[in-house]
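Chemist: Model the structure of this input:
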Amino acid sequence: QVQLVESGGGLVQAGGSLRLSCAASGGTFSTYNMGWFRQAPGKEREFVATIIWSGGSFYNEDSVKGRFTISRDNAKNTMYLHMNSLKPEDTAVYYCAADSRGPRSYFPVAARNYDYWGQGTQVTVSS
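Modeler: The predicted structure follows:
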């Protein structure tokens, strides 16, 4: 059983930065494709970024346009999302997710591709 715990959310002013972390336990993290999603009030859960087991990454460019960077540290079983130039529209609950069926060489952008989810961390960007 894989457990994912997000941290690092909070309240930040527009233009500011945050770093989210997702700590994984209970499995072989280095073989997982990992992803970040977010859900704003009244909206569907949205793909943000993914980083696969080999380190390759893919972003929702329409939403993050070079402002966010996803990374992972396999020695720490942790994934990160570095968020810069934050905007009020980035306000959401951010979830990390794991595809534990790996290693798989593709970029999972759909929520259905992931079998484990964290509880979420709130990010609020004030204008």
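
Chemist: next SSE after the helix or strand of the chain with the lowest mean pLDDT?
Modeler: Using mean pLDDT, DSSP states H and E, the weakest-scoring helix or strand in the chain turns out to be helix 61-64, at a mean of 91. Per DSSP states H and E, the first helix or strand lying C-terminal to helix 61-64 is strand 68-73.

Chemist: Kindly provide the distance from the most centrally placed residue in the chain to residue 113.
Modeler: Residue closest to the average C-alpha location in the chain (Cα atoms, centre = their mean): residue 36, at 2.1 Å. From residue 36 across to residue 113, the span is 13 Å (Cβ to Cβ, to the nearest Å). Backbone N, C-alpha and C define where each C-beta goes, glycine included.

Chemist: In this protein, where is pLDDT below threshold?
Modeler: Of all residues in the chain, none has pLDDT under 70.

Chemist: now residue 24, nearest residue through space, not along the chain?
Modeler: Once flanking residues are discounted, residue 24 sits nearest to residue 77: 4.7 Å by Cβ to Cβ, 6 or more residues apart in numbering.
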